[in-house]
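Peer 1: how would this look folded up:
(2 chains)
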Amino acid sequence: MAVANVSAHDVSNHDHHDHEHKDNFITKYIFSTDHKMIAKQYLVSGMFWAFIGGLLSVLFRLQLGFPDMDLSFLRPLLGGWIDASGKLDPNFYLALVTMHGTIMVFFVLTAGLSGTFSNFLIPLQIGARDMASGFMNMLSYWFFFVSGVIMFASLFLEKGPAAGGWVVYPPLSALEQAIPGSGMGMTLWLIAMTFFIASSLLGGINYITTVINLRTKGMSFSRLPLTIWAFFLTAVIGLLSFPVLFSAALLLVFDRSFGTSFYLSDIYIGGEALPNTGGSAVLYQHLFWFLGHPEVYIVLLPALGITSEIIATNSRKPIFGYKAMIISMLGITILSFVVWAHHMFVSGLNPFLGSIFMFLTLIIAVPSAVKVFNYLTTLWRGNLRFTPGMLFSIGLVSFFISGGLTGIFLGNSAIDIQLHDTYFVVAHFHLVMGSASFFGMMAGVYHWFPKMFGRMMDEKLGHVHFWLTFVGVYMVFFPMHYIGIAGFPRRYYSWTNFSFSDMYTDLNMFVSVAAIVTFVAQFIFVFNFFYSMYKGRKASPNPWRSNTLEWTTPINPGHGNWPGEIPAVYRWPYDYSKPGAKEDFIPQTVPLSATPESNLPHENKLVQLEKEIMAEEGDVLVANESKES
Amino acid sequence: MYGLLISIGVILLILVIWMVYRIQTLISVAKGSDKKIATTSNKVNAFLFMAFLIGCGVLMFWYSIKEFDNYQLPIASEHGIITDRLFWITMAVTGFIFILTHILLFWFSYHYQYSEKRKASYYPDNNKLEIIWTLVPAVVLTILVVSGWKAWSDITAPAPEDAHVVEIMGYQFAWDIRYGGMDNTLGDYDYRLTSATNSRGIDFTDKNSFDDFPSQNVVIPKGEPVLFKIRARDVLHSVFAPHMRLKMDAVPGMPTRFWFVANKTTEEMRAELADEEFEYEIACTEVCGNGHFSMRRVIRVVEPDEYRAWVAEQTPFIKSNPDLVADLPADLKELADIYINEE
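Peer 2: Prediction:
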């Protein structure tokens, strides 16, 4: 009863809306509370940050691949960071890797990925008019924007931005005497991250509330597309872990500015002994990784959700093991909170604690393995259509396997002794977290571009973009395994000081060239994106012949997404190639009673129930109409 | 001039690509082929997956075999043999899964490419399969974890009583080495005592410090347990001895430790590698500032006899700089003087 009333109310409210609502430029494009516009804002911001983050990596790859190169030509861009002999400043090198990590992890793969697709898809796929709180959603974007402005400004400081690695471990990040970037640069880093955390929390609360409360009729949790499950669990992880990062940052602010000793102890630096005693640098690492590890899944789960949807659609097959996929994601969500100390096996952690975390860490490989096997089985005996979105999804599965398997080495504390903080780790997380999530994001953009802008992106350019990026990413990160096994440490400005690492100049050069080619290849995408926005071929209402609700909206959905009543949902989202069905897909809005030819035995029983509900529904609607007239 | 020519070239190239792209789009619209799914490009992509699988697979095997001796660092410690064996066992297991899953992934992509004649099979779930591929990885992982856990507990167990103690203190940007002297016991330290003459902050009111001596290199005996007592003076550092398969963070305010047994002397390793210049090295693996990449120390592994002789030859701190104990109370000063005047 209650549900029906709400939806009836929505209809009248919306008709009303269409006539009176006039957007001006500011309310439509800037301070918009429409989830679709906010999603686009996140997407464009994410692309901007991906460009900056990628550019920084190209700069330090130049140093690593071509250590003898004269970098004077970069002086117009970097100014004093290139010294008189054309060499990159080692402090600035560290700033580059630090900012590359921070930007990519938080601004691109958290905000750019979750921000874009959770905002865009949650209301559209669950059948809601908008987010639970449009205003909070707007606030979330603008907090992120402020955070970005501050982080961007820190790049131009005289003493450089934060430079202690993206994990900003104290004491290095607490003491300006230790590294110039720990002065103003670190202050701005902390302020920016505070805004970012606030933004994430505002967004996360909204996503969770929306998924729980605003699902349309019939959209039970067991009928949610896997994308929504992924976004929902991601938001839960973020909500539980980001506050811990905030506490870590807050204590660091105290240590830096107010003379406390949470992390600092027994330090003699710059010719003087500091008064701080009793603090623990390892405490910071615990707090940081309590967010840091779940963060890996915050960036990865949405990508996995997106690919589940895209692979099912383009294989023309139901996703294999829908329930197993959900259970795996739930398992990953829970386990992600109890594995953080595997980043700290050799930090001086109690070795007994190390063994506990080794067990827990390797357990998390099981749900990940289940997901991979389910993807493979979804492809098996499918009818695969290689849209760019599909290609990037298959690429993601490949990276998820390659990077996930090396996690089994690193999660084993005995093996981690040698591999910790070497290039093996760099290869591992760039594949499993960086590239996999990036590919999920790309897949999502190609797949939902028609819904965002009402036009298609060019397929052939998408194919070229995929192959250059896919091969490029492997050429960048696969060789790093060899370099890592050879023991090359991370965050080294140069490796020639040690005889064990005074080799592989050729391989490092190769990696750098591959990185530059891959970076340049992204401009194919940028061109395709902006060109197609205005000049792309007009999209049809359901270009991928997909089942989910977003494709039942108009090609360019307005405020409220559906012009009339929100459609009800009668089935799960993966009825592809169902035996007996006329088409190879049955949208979620088609009642079971309308498809007697393809219903499975247990579904025939549901038909009766469905009819009763629809009859009741009809009564209510009639009653409401007569009341209003 | 070159810059101008290059930019003109680039602009022309972009224009040509642009034209080709436009013409291609218009043709596909005119032909109506944009409505089809089983297009040539679908076939090309399917084929490229196979090409990628074979091409990159061959590349991987070729490079892994060719470069084996380069990336596989020689092992010089007893626990290193065990961890390396674990590493290669894990490599075999994961390598097998890596190759198998990639063959399936790319073969399925190729084999099940779109065809209008076929319909995908409706295969939503199979609980038996799910259970199998939950249990099999779980069992395999358990085996790997248990063997890793055994190695880890042995490596991190308390050091034997008779282990030779070496203190390694990290600071920006070097390592300071200290030995406990003939009694193998290090004197206390306090960071507040650090000064230009006492870089380690050694507390000379502790008698144990009287015979402590510094060293440029870490010198350790082969075949006998050695305990590294690790600390840091300013920021985090990490002691990494790649040939020893040894790594442990140096944390200000929290001393850490790592014990091990070296099993090859520097001379033996030089002979084995036919490299007269070879040295075991220590590097820093925790980012610590702009000199992070240059914190090198040499470890010299020698025969036990040679080690004992070397220890006997070393000069304690207070002998090379008697000023360090100038302010001690009389009774301690007397004791210290015995060390200083010892021949």
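
Peer 1: can you count the residues close to B:Pro214?
Peer 2: Neighbour count for B:Pro214, taken as other C-beta atoms under 10 Å in any protein chain shown: 17. The way it works is simple: take the backbone N, C-alpha and C, and place the C-beta from them, glycine included.

Peer 1: contacting residues for the residue of the stretch 151-300 of chain A at minimum distance from chain B?
Peer 2: Taking C-beta to the nearest C-beta, chain B has its nearest neighbour within the stretch 151-300 of chain A at A:Ser265, 2.8 Å off. Listed by C-beta atoms under 8 Å, 6 or more residues apart in numbering or on different chains, the contact set of A:Ser265 reads A:Asn276, A:Thr277, A:Gly278, A:Gly279, A:Ser280, A:Ala281, B:Pro252, B:Gly253, B:Met254.

Peer 1: emit the PyMOL select command for whichever of the residues you listed are buried.
Peer 2: In PyMOL, a selection of the buried entries from the contacts of A:Ser265 looks like this (16 or more other C-beta atoms under 10 Å in any protein chain shown):
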select buried, (chain A and resi 276+279+280+281) or (chain B and resi 252+253+254)
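
Peer 1: save the contacts of A:Ser265 as a markdown table, and put in distance to A:Asn542 too.
Peer 2: Listed next are those as a markdown table, based on distance: C-beta to C-beta, whole Å:
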| residue | distance to A:Asn542 |
| --- | --- |
| A:Asn276 | 63 |
| A:Thr277 | 66 |
| A:Gly278 | 64 |
| A:Gly279 | 59 |
| A:Ser280 | 57 |
| A:Ala281 | 55 |
| B:Pro252 | 61 |
| B:Gly253 | 62 |
| B:Met254 | 60 |
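
Peer 1: can you tell me which of the contacts of A:Ser265 are in helices?
Peer 2: With helices defined by DSSP state H, the entries of the contacts of A:Ser265 inside them are A:Ala281.

Peer 1: still on that earlier bit, my reading is that the residue of the stretch 151-300 of chain A closest to chain B lies in a helix. Confirm?
Peer 2: No. Under the criterion used here (DSSP: H, G, I helix; E, B strand; the rest coil), A:Ser265 is coil, not part of a helix.

Peer 1: was I right to think B:Phe49 contacts B:Tyr112?
Peer 2: No. No contact is recorded between B:Phe49 and B:Tyr112 when judged using C-beta atoms under 8 Å, the distance being 11.0 Å.

Peer 1: okay, those two: which has more neighbours?
Peer 2: Shown here are B:Phe49 and B:Tyr112; by other C-beta under 10 Å, B:Phe49 has more neighbours (26 against 21).

Peer 1: against chain A, how distant is the more buried one?
Peer 2: Distance of B:Phe49 to chain A, computed by C-beta to the nearest C-beta, to the nearest Å: 7 Å.

Peer 1: same thing with B:Ser294?
Peer 2: In terms of C-beta to the nearest C-beta, B:Ser294 sits 5 Å off from chain A.

Peer 1: and that residue, what does it touch?
Peer 2: Contacts of B:Ser294 (C-beta under 8 Å, 6+ apart): A:Asn497, B:Phe173.

Peer 1: the helix or strand containing A:Leu77: how far from the chain's middle?
Peer 2: In the assignment (DSSP states H and E), A:Leu77 maps to helix A:75-78. A distance of 31 Å separates the centroid of the chain from that of helix A:75-78, by C-alpha atoms, centre = their mean, to the nearest Å.

Peer 1: which single residue of the stretch 201-343 of chain B ends up nearest chain A?
Peer 2: Across the stretch 201-343 of chain B, no residue is closer to chain A than B:Gly253, which sits at 2.8 Å (C-beta to the nearest C-beta).

Peer 1: quick one, what contacts that residue?
Peer 2: By C-beta under 8 Å, 6+ apart, the residues touching B:Gly253 are A:Leu264, A:Ser265, A:Asp266, A:Ile267, A:Thr277, A:Gly278, A:Gly279, A:Ser280, A:Ala281.

Peer 1: what is the burial count for the first one?
Peer 2: Which is A:Leu264. Around A:Leu264 there are 26 other residues, counting by other C-beta under 10 Å.

Peer 1: what's near enough to touch it?
Peer 2: Neighbour list for A:Leu264: A:Pro170, A:Pro171, A:Ala174, A:Asp255, A:Leu274, A:Asn276, A:Gly279, A:Ala281, B:Pro252, B:Gly253 [criterion: C-beta under 8 Å, 6+ apart].

Peer 1: quick one: pLDDT of the nearest residue to A:Leu335 once chain neighbours are set aside?
Peer 2: Nearest-residue entry for A:Leu335: A:Ile364, 4.3 Å, with adjacent residues in sequence omitted and distances by C-beta to C-beta, 6 or more residues apart in numbering or on different chains. Per-residue pLDDT puts A:Ile364 at 91.

Peer 1: A:Ile364 reaches A:Trp340, doesn't it?
Peer 2: No. The pair A:Ile364 / A:Trp340 is not scored as a contact, 11.3 Å apart, by C-beta under 8 Å.

Peer 1: ok, the contacts of A:Leu264 vs B:Val311, which is closest?
Peer 2: Using C-beta to C-beta, B:Pro252 comes nearest to B:Val311 of those, at 28.6 Å.

Peer 1: could you pull up phi and psi at that closest one?
Peer 2: The phi/psi pair for B:Pro252 (degrees, to the nearest 10) reads phi -60, psi 130.

Peer 1: sort out for me which of the contacts of A:Leu264 are in strands.
Peer 2: Among those, none falls in strands (DSSP state E).

Peer 1: reformat those residues as CSV; add distance to B:Phe228.
Peer 2: Compiled in CSV, the contacts of A:Leu264 are given as follows (distance: C-beta to C-beta, whole Å):
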residue, distance to B:Phe228
A:Pro170, 24
A:Pro171, 21
A:Ala174, 26
A:Asp255, 28
A:Leu274, 25
A:Asn276, 26
A:Gly279, 24
A:Ala281, 19
B:Pro252, 17
B:Gly253, 18
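
Peer 1: good, we can wrap up now.
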